[in-house]
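Trainee: sequence and computational prediction follow.
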Amino acid sequence: MIDLTLRRLLAITLFSLLAACGGGGDGKAGSAQNPEVSVVPPATTAPGDPQVPGSTPGDTVAPPPLTTPPAKQATSFTRQEASRFLGRATFGANMPAIDALAASDSDAWFRAQFSKSQTLHRQYIDAMLAAQAAGGERSSLRTFYETFWQQGIRGDDQLRQRMAFALSEIFVISMQNDSVQPQVRGVASYYDMLGQHAFGNFRDLLEGVALHPMMGLYLSHLRNQKESATRTPDENFAREVMQLFTIGLYQLNPDGSLKLSGGKPAETYTHDDVAGLARVFTGWSWAGPDQSATRFYGGTPDPDRDWKPMQNYAAYHSSGDKRFLGQSISGTSSGQADLKLALDTLFNHPNAGPFFARQLIQRLVSSNPSAAYMGRVAAAFANNGSGVRGDMQAIIRAVLLDPEALAPNGTTLRTGKLREPLLRLAGWMRAFDAKPTGGRYKLYYLDDPLSGLGQNPLNPPSVFSFFRPAYTPPNSALAGAGLVAPELQITAEPSVTGYLNFMQDAVNSGVGESRDIKPDYTRELALASDTGALLERINLLLMHGSMPAKLRGQILTAVNGISIPTATSSNATQIATAQANRVKLAIFLTMASPAYLVQK
């Protein structure tokens with residue numbers, strides 16, 4: 001046990017953590033028409049792992065072709081800089097990854113990551129379903145969590161894994177939806193689709209999102225029917241594909257700042273645009289070999305309809321004219337042609353680049369990117385250097401290698417973001433090689449802010465994800481400065497306390513069912529007698545060498561307070577316990593500190 005030393009410091013840590021975070025937020029996302037979401041503030045599997053379902057080499061898809069990077073984007077890193085970069089671009093740094101990047105450069109790293117094949121989460125689910133059919137345990141949403149953590153923590157394609165998670169917080173579906181929740185294979189395939197297009201083109205990503213049956217269920221355009229005397233087409237997806245996925249509520253300049261009309265933000269679209277676009281998204285339903293009414297409504301299901309793109313049923317597609325965003329479509333055109341024009345229009349809209357740039361920067365680097373930073377990423381969206389719009393590889397490079405992203409700590413007030421609870425846990429698991437002794441990542445119930453982390457993958461409370469991009473704690477210093485802090489929407493006294501309790505148990509005993517996912521502290525235990533070296537290692541792994549001197553002194557004092565007995569012939573157990581308690585206390589206090597919780 002860590003016992004009294006840790007318990008004595010817990011109250012002090014909790015107080016400082018609350019003071020730094022400022023609390024706030026009820027954790028609830030707003031309604032689907034809350035305009036705050038789009039308001040842009042003014043610009044101021046490793047070798048040797050146990051074999052588990054879905055981990056076979058054949059369960060992969062080839063990566064897209066490498067694109068030509070913009071000039072002068074090869075960056076060299078120190079070990080501290082490498083750790084910082086990996087903390088953004090992956091699910092967390094570990095020593096082999098840090099040393100490899102420090103010995104190479106960013107261009108070589110990106111090329112290697114972009115070249116890695118994709119392992120499919122759906123294959124894991126299929127293997128578990130086959131086992132279920134043979135009398136094994138029943139698959140459920142828990143099975144998706146297993147493959148999420150297995151590939152997120154052990155996967156060699158770390159950039160793709162991290163990007164898929166970031167995209168899942170932008171193009172949101174949720175297993176809290178009663179129609180989506182039972183479709184575990186469909187959910188896994190939706191996540192695969194995000195990963196597949198993460199290195200491709202934004203236009204293809206947008207189409208993958210629009211036609212995936214899980215998105216069709218979640219935003220109710222699956223089985224959406226044409227207008228009649230008593231019915232208007234469902235407008236849900238038509239609204240959100242504009243408001244949340246592509247162009248936002250207000251017109252933007254290329255640097256993401258608001259365009260004004262009469263001193264007020266100029267709206268991007270009207271309800272007439274929503275109604276016109278809703279007609280485009282009629283007639284789309286489950287994939288299958290025919291266009292029968294039975295299949296449209298869900299009968300005679302194709303066995304793979306939960307992951308195959310939706311198909312258009314001509315009999316249910318609107319035959320009226322469709323007007324939206326300055327476009328006019330004749331009622332005689334097909335559903336497929338209507339969709340293509342609609343998605344092309346959104347993709348080529350001047351808002352698309354800066355709107356997506358801001359969201360991706362927020363998920364990976366900083367809650368409050370400068371106008372110049374957003375402008376540079378939006379420019380990469382518009383042109384990858386070879387005349388291609390929407391090249392995701394160029395966009396990712398621009399986000400992660402921007403001068404503002406690579407600037408030393410403290411050079412700008414806009415640098416940084418609060419680490420999401422899931423990313424804190426993932427970072428710890430990767431830093432200390434946590435893996436399950438039984439081979440499966442049975443890490444399920446993390447939603448409760450008191451007993452878990454208040455966050456579970458693909459399980460946000462609404463289409464706004466876990467937090468709104470423009471959330472600011474009310475009556476806070478951040479609000480006074482005109483800054484936002486999205487992750488603070490799920491941060492309050494209960495979630496702070498829950499996080500500390502959760503990580504205390506995790507660091508001490510492991511996580512998951514029966515604490516089966518256990519860290520490997522072998523290298524840290526070897527440094528237990530040299531607490532300065534121990535803390536430097538933890539600092540590099542978790543805080544990219546940025547631990548403040550005052551915090552370092554406080555942790556060293558606490559850790560040195562655990563004495564290691566002089567060795568005798570009979571006290572080996574007591575020595576090992578003291579060494580383990582030093583390591584665990586140093587890790588826990590680091591992860592509880594405000595300096596760690598704010599990713600700089």
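Mentor: Alright, I've got the coordinates.
Trainee: now the element after the helix or strand bottoming out on mean pLDDT in the chain, going C-ward?
Mentor: Among the helices and strands of the chain, helix 3-21 carries the lowest confidence by mean pLDDT, DSSP states H and E, at a mean of 43. Later in the chain than helix 3-21, the nearest helix or strand by DSSP states H and E is strand 60-61.
Trainee: could you say what helices and strands that next one packs with?
Mentor: strand 118-119 (3 or more C-beta pairs under 8 Å, 6 or more residues apart in numbering; DSSP states H and E). No exception for glycine: its C-beta is placed from N, CA and C like everyone else's.
Trainee: strands of the chain, start to end?
Mentor: Residue ranges of the strands in the chain, as given by DSSP state E, are 60-61, 118-119, 260-261, 264-265, 284-285, 311-312, 322-324, 327-329, 417-418, 435-436, 517-518, 598-599.
Trainee: low pLDDT regions in this protein?
Mentor: Applying pLDDT under 70 to the chain flags the ranges 1-59, 68-72, 410-414.
Trainee: ok, now with 80
Mentor: Segments of the chain classed as low confidence (criterion: pLDDT under 80) are 1-73, 409-415.
Trainee: biggest helix in it by residues?
Mentor: helix 572-592 (DSSP state H).
Trainee: CA atoms of that helix as PDB?
Mentor: Backbone C-alpha positions of helix 572-592 (Å, rounded to 0.1, in the frame of the first residue of the first chain) are rendered in PDB as follows:
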ATOM      1  CA  ALA A 572      13.900  -7.800   1.600                       C
ATOM      2  CA  THR A 573      10.100  -7.500   1.500                       C
ATOM      3  CA  GLN A 574      10.200  -4.200   3.500                       C
ATOM      4  CA  ILE A 575      12.800  -2.800   1.200                       C
ATOM      5  CA  ALA A 576      10.900  -3.700  -1.900                       C
ATOM      6  CA  THR A 577       7.700  -2.200  -0.400                       C
ATOM      7  CA  ALA A 578       9.500   1.100   0.400                       C
ATOM      8  CA  GLN A 579      11.000   1.200  -3.100                       C
ATOM      9  CA  ALA A 580       7.600   0.600  -4.700                       C
ATOM     10  CA  ASN A 581       5.900   3.200  -2.600                       C
ATOM     11  CA  ARG A 582       8.500   5.800  -3.600                       C
ATOM     12  CA  VAL A 583       7.900   5.100  -7.300                       C
ATOM     13  CA  LYS A 584       4.100   5.100  -7.000                       C
ATOM     14  CA  LEU A 585       4.000   8.300  -4.900                       C
ATOM     15  CA  ALA A 586       6.300  10.100  -7.400                       C
ATOM     16  CA  ILE A 587       4.100   9.100 -10.300                       C
ATOM     17  CA  PHE A 588       0.800   9.900  -8.600                       C
ATOM     18  CA  LEU A 589       1.900  13.300  -7.300                       C
ATOM     19  CA  THR A 590       3.100  14.200 -10.800                       C
ATOM     20  CA  MET A 591      -0.200  13.200 -12.400                       C
ATOM     21  CA  ALA A 592      -2.200  15.000  -9.700                       C
END
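Trainee: enumerate the positions of it that are buried.
Mentor: By neighbour count, and taking 16 or more other C-beta atoms under 10 Å as the criterion, the buried residues in helix 572-592 are 575, 578-592.
Trainee: and what of stretch 232-247?
Mentor: In stretch 232-247, counting by 16+ other C-beta under 10 Å, buried: 233-247.
Trainee: repeat for stretch 464-482
Mentor: By neighbour count, and taking 16+ other C-beta under 10 Å as the criterion, the buried residues in stretch 464-482 are Phe464, Ser465, Phe466, Phe467, Arg468, Pro469, Ala470, Tyr471, Thr472, Pro473, Leu478.
Trainee: what about the nearest residue to Ser174 once chain neighbours are set aside, distance to Ala580?
Mentor: Closest residue to Ser174 apart from its sequence neighbours, by C-beta to C-beta, 6 or more residues apart in numbering: Pro460 at 5.1 Å. Relative to Ala580, Pro460 is positioned 37 Å away (C-beta to C-beta, to the nearest Å).
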